[in-house]
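**Q** Output the structure for:
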Amino acid sequence: MAIPDDFDAWFRLLQTPGLGREGARRMLAAFGSPDAALGATAQALTELGGPALAATMARREPECEARLTAARAWLADGAERHVLTLGDALYPPLLLQTADPPLLLYVQGRASLLAAESVAIVGSRDATPQGLANAREFARELAQAGLSVVSGLAAGIDGAAHEGALAAGGTTLAVVGTGPDRVYPARHRALARRIADTGAIVSEYDPGTPVLPEHFPQRNRIIAALSRGTLVVEAAPRSGSLITARLAVEAGREVFAVPGSIHSAQSKGCHALIRQGALLVESAADILEALRGTRPAAAPAETGDEAEDPLLAALGHDPATLDALLARTGWPSAELSAKLLELELDGRVARLPGGLFQRRIAG
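**A** I've put the predicted structure just below:
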């Protein structure tokens, strides 16, 4: 992807000391474009924000120019490196609708995936073995259903969610709190490469930006806004995942939480979310059903598979237990199990937690 002609102006505006995202948006609202904002007269700037704003805009920091040169070099060094400005046609619509969209988004991988149907999966860095298994399984099933999985590449639940989506042959997006050329934690370098190969690494921070603690709560708003819903798998009472859940609510998105033991500290955050109105989920089917209710859906048409395969017809469109299928088909248990395995291997049936089976939903 070519570097946008106005990239330099967007970069310089955003990097203006003391301006920040809010100030930059105010400038854009007043002057119409980053070029016009940077070229505004001292009088116009003083009228907008006083003498301090005029003085700020008059400064040109050498560090800004060095970072701009580095960003352009990174973008030019690879076909799958992109930058999306707030005015770009490819800028993700869901993110554009939020109160605090990034002015620039750097992408390593498939930029088109930022507009794909997706669900965020987040949770504790210090996850339990069961929590990690749950994150992988939810991600795998959601990916099989055609949804992209969004997370933050952090240790624990985030990494497990990315792995689950990749294991299903699906797509996943990692929204990071560093520059797009940095990987944190370092042990996720191989995982980051796999994500970039089939999905995307996304950051609002320019290349070279190091690990800074204040960036991670900021990136959480992007995770929440890119997704139609956010699933919290495990979270302690003060977990950053609860910030993501709050931001999802503020963005008008669904919030889901996996319950756990009342004795586990890593379940207390999820239980708090459930008390506050988050949907308690036990399987990916719960999430898919909730998301179907948030948008108009066409009546399901009977496919060739349904017309020709009696087991798919018996399964219908909701999860079913083995006992229920035995009753519906009247087949011997061994024959039914063999047929279910065949459909599972063909990718037409998904095995859900709790001994349930469900027809896979086309993406």
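
**Q** Let me see the contact set for residue 48.
**A** The neighbourhood of residue 48, defined by Cβ atoms under 8 Å, 6 or more residues apart in numbering, consists of 26, 27, 30, 40. (Glycine included, C-beta is placed from N, CA and C.)

**Q** Tell me which helix or strand it sits in.
**A** When elements are defined using DSSP states H and E, residue 48 is found to belong to helix 42-49.

**Q** and the following helix or strand past that helix, what other elements does it pack with?
**A** From helix 42-49 onward toward the C-terminus, using DSSP H and E, the following helix or strand is helix 51-58. Under the contact criterion of 3 or more Cβ pairs under 8 Å, 6 or more residues apart in numbering; DSSP states H and E, helix 51-58 touches helix 42-49.

**Q** And the helix it packs on, what's buried?
**A** 44, 45, 48, 49 (16 or more other Cβ atoms under 10 Å).

**Q** How about stretch 124-142?
**A** Going by 16+ other Cβ under 10 Å, stretch 124-142 has these buried residues: 124-125, 127-128, 131-132, 134-142.

**Q** Narrow the residues you listed to those in helices?
**A** Mapping the buried residues of stretch 124-142 onto helices (DSSP state H) picks out 131, 132, 134, 135, 136, 137, 138, 139, 140, 141, 142.

**Q** Contact partners for the last one?
**A** Yep, that's residue 142 we're talking about. Contacts of residue 142 (Cβ under 8 Å, 6+ apart): 119, 121, 149, 165, 170, 284, 287, 288.

**Q** all strands in the stretch 251-363 of the chain, in order from the N-terminus.
**A** With DSSP state E, counting those that start in this stretch applied, the stretch 251-363 of the chain shows strands at 254-257, 279-280, 320-321, 349-352, 356-359, listed in chain order.

**Q** what's the spacing between residue 62 and residue 255?
**A** Between residue 62 and residue 255 the distance, using Cβ to Cβ, to the nearest Å, works out to 44 Å.

**Q** Please produce CSV containing the strands of the stretch 251-363 of the chain, extended by distance to residue 210.
**A** What follows is those, written out as CSV (distance: least, Cβ to Cβ, whole Å):
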stretch, distance to residue 210
strand 254-257, 31
strand 279-280, 37
strand 320-321, 51
strand 349-352, 41
strand 356-359, 44
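
**Q** Looking at the ones you listed, which is nearest to residue 246?
**A** With Cβ to Cβ, the closest approach to residue 246 among those belongs to strand 254-257: 8.7 Å.

**Q** Is the residue nearest the centre of the chain in a helix, a strand, or coil?
**A** Nearest to the centroid of the C-alpha atoms of the chain, with distances taken as Cα atoms, centre = their mean, sits residue 150, at 2.6 Å. Classification of residue 150 by DSSP: H, G, I helix; E, B strand; the rest coil places it in strand.

**Q** And the lowest mean pLDDT element among the helices and strands of this structure?
**A** For the chain, the helix or strand with the lowest mean confidence is helix 304-308, at a mean of 50 (criterion: mean pLDDT, DSSP states H and E).

**Q** sorry, back to before: export the strands of the stretch 251-363 of the chain to JSON lines and tack on mean pLDDT?
**A** Compiled in JSON lines, these are given as follows (pLDDT from 0 to 100):
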{"stretch": "strand 254-257", "mean pLDDT": "96"}
{"stretch": "strand 279-280", "mean pLDDT": "96"}
{"stretch": "strand 320-321", "mean pLDDT": "80"}
{"stretch": "strand 349-352", "mean pLDDT": "80"}
{"stretch": "strand 356-359", "mean pLDDT": "80"}
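
**Q** hang on, residue 10 packs against residue 85?
**A** Yes. Under the criterion of Cβ atoms under 8 Å, residue 10 is in contact with residue 85, at a separation of 4.9 Å.

**Q** in this structure, what spans have low per-residue confidence?
**A** 1, 293-308, 318, 353-354, 361-363 (pLDDT under 70).

**Q** Outline the domain layout of it.
**A** 1-69, 111-292, 304-359 (automatic domain parsing).

**Q** How far off centre is the helix holding residue 48?
**A** 39 Å (Cα atoms, centre = their mean, to the nearest Å).

**Q** Now do that helix and helix 51-58, the angle between them.
**A** 130 degrees (axes from the mean of the first three to the mean of the last three Cα atoms, to 10 degrees).

**Q** all helices for the stretch 151-300 of the chain, in order.
**A** Using DSSP state H, counting those that start in this stretch, the helices found in the stretch 151-300 of the chain span residues 157-167, 189-198, 215-226, 240-250, 265-275, 284-292.

**Q** counting contacts, what elements does the fifth one pack onto?
**A** Judged by 3+ Cβ pairs under 8 Å, 6+ apart, the packing partners of helix 265-275 are strand 229-232, helix 240-250, strand 254-257.

**Q** and of the buried residues of helix 42-49, the nearest to residue 96?
**A** When these are compared for distance to residue 96 (Cβ to Cβ), residue 48 comes out closest, at 23.8 Å.

**Q** is it true that residue 227 touches residue 118?
**A** Yes. With contact defined as Cβ under 8 Å, residue 227 and residue 118 form a contacting pair (4.8 Å).

**Q** what residues do these two have in common as contacts?
**A** What both residue 227 and residue 118 touch, as defined by Cβ under 8 Å, 6+ apart, is the set residue 150.

**Q** These two: which is more packed in?
**A** Neighbour tally, residue 227 and residue 118, criterion other Cβ atoms under 10 Å: the higher count belongs to residue 227, 28 against 24.

**Q** Contact partners for the more buried one?
**A** Residues near residue 227 by Cβ under 8 Å, 6+ apart: 94, 118, 119, 120, 150, 248, 253.
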